[in-house]
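Visitor: Have a look at this fold, sequence not included:
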């Protein structure tokens with residue numbers, strides 16, 4: 001049997017020890033992103049009150065959430081029953097199209113894809129930055145593992161919990 005793949009796995013996982021985030025402050029900066037790379041990302045509130053941000057998102061979600069793609073309706077990220085406002089607003093992952101995923105969150109690019117749709121509800125009162133941790137291309141499944149750990153330790157305000 002050929003077990004050389006284990007060495008490749010170890011090498012790729014070792015790259016994760018020195019992860020440094022790429023910080024995005026808005027949709028125009030998303031051009032820095034390599035589109036096909038798997039990643040975990042954290043939306044952080046850098047200006048504005050986390051309690052107000054949750055209230056604003058909840059209000060927008062109550063009046064605009066839909067998954068059928070109707071005009072003025074969006075598939076918005078869920079809010080857990082016991083959402084607790086904090087600086088970490090959302091943690092997510094992507095296995096492939098990182099650039100497209102960021103467009104959905106920042107620019108409301110798709111009414112069908114579940115995302116934050118920040119341009120629709122923040123009203124200039126809440127400003128976010130996104131820390132993007134790009135992972136080895138060879139093992140996109142690592143995004144699932146990293147996302148679960150980030151959610152466990154950072155307890156984001158919205159989104160699903162592990």
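Guide: Done, it's in. For clarity, every value in this text was computed on a predicted model and none was experimentally measured. Numbers count the residues shown, from 1 in each chain.
Visitor: Grab the longest helix from the protein for me.
Guide: helix 50-64 (DSSP state H).
Visitor: Which of the helices or strands spans the nearest residue to residue 58 once chain neighbours are set aside?
Guide: Spatial nearest neighbour of residue 58, chain neighbours left out: residue 79 (6.2 Å); criterion: Cβ to Cβ, 6 or more residues apart in numbering. From N, CA and C alone the C-beta is placed, and that goes for glycine too. Using DSSP states H and E, residue 79 maps to neither a helix nor a strand.
Visitor: rewinding a little: ok, the next helix or strand after the longest helix of the chain: who's next to it in the sheet?
Guide: Per DSSP H and E, the first helix or strand lying C-terminal to helix 50-64 is strand 88-94. Using DSSP bridges, the strands paired with strand 88-94 in its sheet are strand 39-47 (antiparallel).
Visitor: got the angle for the strand it pairs with vs helix 50-64?
Guide: Angle, strand 39-47 to helix 50-64, by axes from the mean of the first three to the mean of the last three Cα atoms, to 10 degrees: 110 degrees.
Visitor: list the buried ones in strand 39-47?
Guide: 39, 40, 41, 42, 43, 44, 45 (16 or more other Cβ atoms under 10 Å).
Visitor: With stretch 22-37 instead?
Guide: Going by neighbour count (16+ other Cβ under 10 Å), the buried part of stretch 22-37 is 22, 24, 27, 30, 33, 37.
Visitor: ok now do the most centrally placed residue in the chain, which residues does it touch?
Guide: For the chain, residue 92 is the residue whose C-alpha lies nearest the centre (Cα atoms, centre = their mean; 3.3 Å). Listed by Cβ atoms under 8 Å, 6 or more residues apart in numbering, the contact partners of residue 92 are 40, 41, 43, 101, 105, 147, 159.
Visitor: what's the closest of those residues to residue 135?
Guide: residue 40 (7.0 Å; Cβ to Cβ).
Visitor: Okay, and the closest residue to that closest one other than its chain neighbours sits in which element?
Guide: Residue nearest to residue 40 in three dimensions, not counting chain neighbours: residue 146, with 4.2 Å by Cβ to Cβ, 6+ apart. Taking DSSP H and E as the criterion, residue 146 maps to helix 142-154.
Visitor: Which residues are in contact with the spatially closest residue to residue 90 that is not a sequence neighbour?
Guide: Nearest residue to residue 90, sequence neighbours excluded (Cβ to Cβ, 6+ apart): residue 43, at 4.3 Å. Residues in contact with residue 43 (Cβ under 8 Å, 6+ apart) are 88, 89, 90, 91, 92, 105, 116, 128, 129, 130, 156.
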